[in-house]
Structures are given as structure tokens and as C-alpha cells.
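J.: Dropping the sequence and predicted coords here.
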Amino acid sequence: MKILGKYVGRELSWGIILTLLSLVAISYFVTFAAEMGNIGQQEYTSTTAALYVLMKMPKIVQEMLPVATLIGALFAFGGLASSSELTVMRATGNSLLGMLWRVRKVGVVLIVLAIINMEWVVPSAERSAHILKALALHESVVEYSGDAFWLRDGEHFVRMEHVGSDGSVFGLQWMAIPQHGELSEVNYASRGKHDGSGWSMEDVDTTTIIQGTASTDLQITTVSKDSVQHPSTVSQGLIRLASRTPEDLSTVELLRYSAYLSSNGLDSGSYWNAFWGRIAMPFSIIVMLVLALPFSLSEGRSVAVGKRVVIGIFIGVGFYIINKVLIGGGEVYGFNPVLTAFSIPLLFFIIAIALIRKRGL
């Protein structure tokens, strides 16, 4: 039984690996083609574009892993079925659930690798890709440090606690530091927005620092204003790039950031949906493995098996699309994020178990 488990596990692993590599390779060339319009601008060369697209691949792997698991398992189990090996295994007393149990190590390894990629590789790669492209195009870089974004705007350093997807900023702090390097003015606004030509800030406290003749001779004055307009040297698009996307955050950071937005009355729906989507991801991989086996079984020859593989592929792609649509609809209509994250995987899991029961446990 150990030899049988290793054999099926090896076939399953190769099927998933080859499928994932194929999907990633296709995605790489499609993404690289989309970047060709930027090649030649400033210092953005073809080598830079290739590195940038390479840094985007961990995110593609994360999105494609459940579908690759299903398709790879279908080809692996389908190959065993077409050579009648699955039939022989069942004839010797191995049930479908028993075969799934013997390849559990493959599922565990997939889940562990997916978690490592999701928690550490994707956030770091996404931030690095953004910085690489911005520097090559000679754009200002928005850095994230601690719990806020930092940006240089002319002679000012700007600190932003939260940036919405529409470019609105909460917890905006301006620090004027002229060329001689001395802090001369600090503006703090509870809310602000970049309109393309400059900043519009509300509820502003302006602190002015005037350096006297002596190093310890300082004049500090604070003035409160309802609103302040300030010119800017950066674009509105750059400010929107500072919006923290779920891909930039690990699961723990995503939980903290979602809680921060909720406690401050800010829109946190997309972040909560992303958080629960990550919690549901390991379950989705298990569902794909379970779903592959009944679709691979056939009493006919390879033609029938091929039809089942094609049907299974359509189901896998359908799973990916429906899940994305439901999560997106949940953000728009305010559905419970736990339900939107687990409803489709749970539905497909019930279908898989029903098919296994129909073909005999």
C-alpha cells in the first residue's frame, strides 16, 4: 500500500507541476506583452520589463494553483484510468476515498507551499515590482514603513495613514524640509485628496517653526483651519498607487489593516473579502483534488476519459470565475465575506462527494 501511495502521489505531483508551469509560462508571456508599451521610456528596458514580470509571477501562481491542481490531477488520474490502473486498484479493494487518503501528503505539501507563497513571497514580490518599475520610469516612489505611507512632494515629505482606492487620504501629514534640511512647517489634516494639480486638505492644524539666530531659539506657532489648498509636484495616479492592495499584505497584516479600517469607519469590505478568501484557499485545493478523481473514472476507453477531463477542466475554470464574481459581488452588495469565500468551495465539495458516492466509495 505504501508503494501504491508513492506511485499515485508521484503521478499526481508531476501532473500538477507540469500544468502549473504551463499556466505560468502562458501568463508570463501575456504579461510581458502588456509591458512592451513601456519599453524604451526613461530607463525601462526589456531586461527591466522581464524582471518586473518575473516578480509578478508569484501572484499568478497563487491565483492559478487551485485550477492547476484540478487540471493536473485530472491528467494524472485520467492517465491511470486510461491504462486501466485505477480499475485494477479498485478491483484489489482500494476505494476512491482510500486513494485520496493515500495522496494526502501531496495535498499537504501544496497547501504549505501555497501558504508560504501567499504570506511571504507575494507581498515582497509585489512591492519590489512596483519599486523597480517606478525607479526605471523615473517616477516618485511611495514607500510603506511601519503603519503609514511616505512620499516626497517637492520640498515636502508626506505621511499618509490610509489611502483609498479613489485617492482620498486619511491621516495626512505634511512636513516642509527645505534644501538646508531644517524642519520649517508641519501640516496635519484628518482628511485630504489629491485633485491632480494639488492637495485639498480638511481640518488642518499647521505648525510653523522659525529658526532664530541661536540654535535653541525657536518660534513655534500653530494655526487651525477648516481647509487648505496646497500645490503638488506629483500626479494623482501616484497617490492612488499608495492604496494598499490585499496582495501587498500578508494574512496577519491584512487582518490588522481590515480591523483598522473598520474601527475608523472606513471602507474595509474588499480587505475582509480578501482575508477570508485566503482562509478558504487551502480548502479550495482540497476540493479540487477530491473533484478530480470521480471525473477521471470511466468504464470506456481513452475517448471517454478525454471527455471527462475536458468537462473537469471547464468545471475548474468555472469554479475560478464564479468564485471571483461572487467575491466581487459580495464587495458591491455587502454580503457576508465568510459566506462569499466558502460558499462556492463548499458547493463544489458537496458535488464531488455526491459523484464519488454515485461511483462507489
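T.: Nice, I can see it. Numbering: from 1, shown residues only.
J.: all contacts plus neighbour counts: C-alpha atoms, from now on.
T.: Fine.
J.: Got the phi and psi for T45?
T.: phi -100, psi 180 (degrees, to the nearest 10).
J.: Surely it touches M36?
T.: No. With contact defined as Cα atoms under 8 Å, T45 does not reach M36; the gap is 9.3 Å.
J.: For F335, give me the backbone phi and psi.
T.: phi -70, psi 160.
J.: With the flanking residues excluded, which residue is spatially nearest to it?
T.: G329 (7.8 Å; Cα to Cα, 6 or more residues apart in numbering).
J.: And the helix or strand harbouring the one you found, what does it pack against?
T.: With elements taken from DSSP states H and E, the one containing G329 is helix 302-333. With contacts taken as 3 or more Cα pairs under 8 Å, 6 or more residues apart in numbering; DSSP states H and E, helix 302-333 sits against helix 46-82, helix 269-296, helix 337-359.
J.: With mean pLDDT and mean neighbour count as added columns, please give the ones you listed in TSV.
T.: Shown next, in TSV, are the helices and strands packed on helix 302-333 (pLDDT from 0 to 100; neighbours: other Cα atoms under 10 Å):
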stretch	mean pLDDT	mean neighbour count
helix 46-82	90	22
helix 269-296	88	22
helix 337-359	89	17
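J.: Kindly reformat the ones you listed as a markdown table containing distance to P123.
T.: Formatted as a markdown table, the helices and strands packed on helix 302-333 follow (distance: least, Cα to Cα, whole Å):
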| stretch | distance to P123 |
| --- | --- |
| helix 46-82 | 9 |
| helix 269-296 | 13 |
| helix 337-359 | 21 |
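J.: Any idea which of those gets closest to L249?
T.: Proximity to L249 (Cα to Cα) singles out helix 269-296 among the helices and strands packed on helix 302-333, at 9.8 Å.
J.: so the closest one versus helix 302-333, what angle?
T.: For helix 269-296 against helix 302-333, the angle between stretch directions is 170 degrees (axes from the mean of the first three to the mean of the last three Cα atoms, to 10 degrees).
J.: where's helix 269-296 relative to the chain centroid, distance-wise?
T.: 14 Å (Cα atoms, centre = their mean, to the nearest Å).
J.: and the angle from that helix to helix 337-359?
T.: 0 degrees.
J.: Walking through the stretch 151-300 of the chain, point out its strands one by one.
T.: In the stretch 151-300 of the chain, the segments counted as strands under DSSP state E, counting those that start in this stretch are 156-163, 168-176, 185-194, 198-211, 218-231.
J.: between the ones you listed, which one is nearest to N336?
T.: strand 156-163 (23.6 Å).
J.: now for the closest one, which elements pack on it?
T.: strand 148-153, strand 168-176.
J.: ok, now which ones touch F32?
T.: F32 makes contacts with A49, A50, V53, as judged by Cα atoms under 8 Å, 6 or more residues apart in numbering.
J.: Same question for S124.
T.: D248.
J.: Domain map for this structure?
T.: 2-137+251-359, 143-241 (automatic domain parsing).
J.: just to revisit the earlier point, and the residue nearest to F335, how many neighbours does it have?
T.: Using other Cα atoms under 10 Å, G329 has 13 neighbouring residues.
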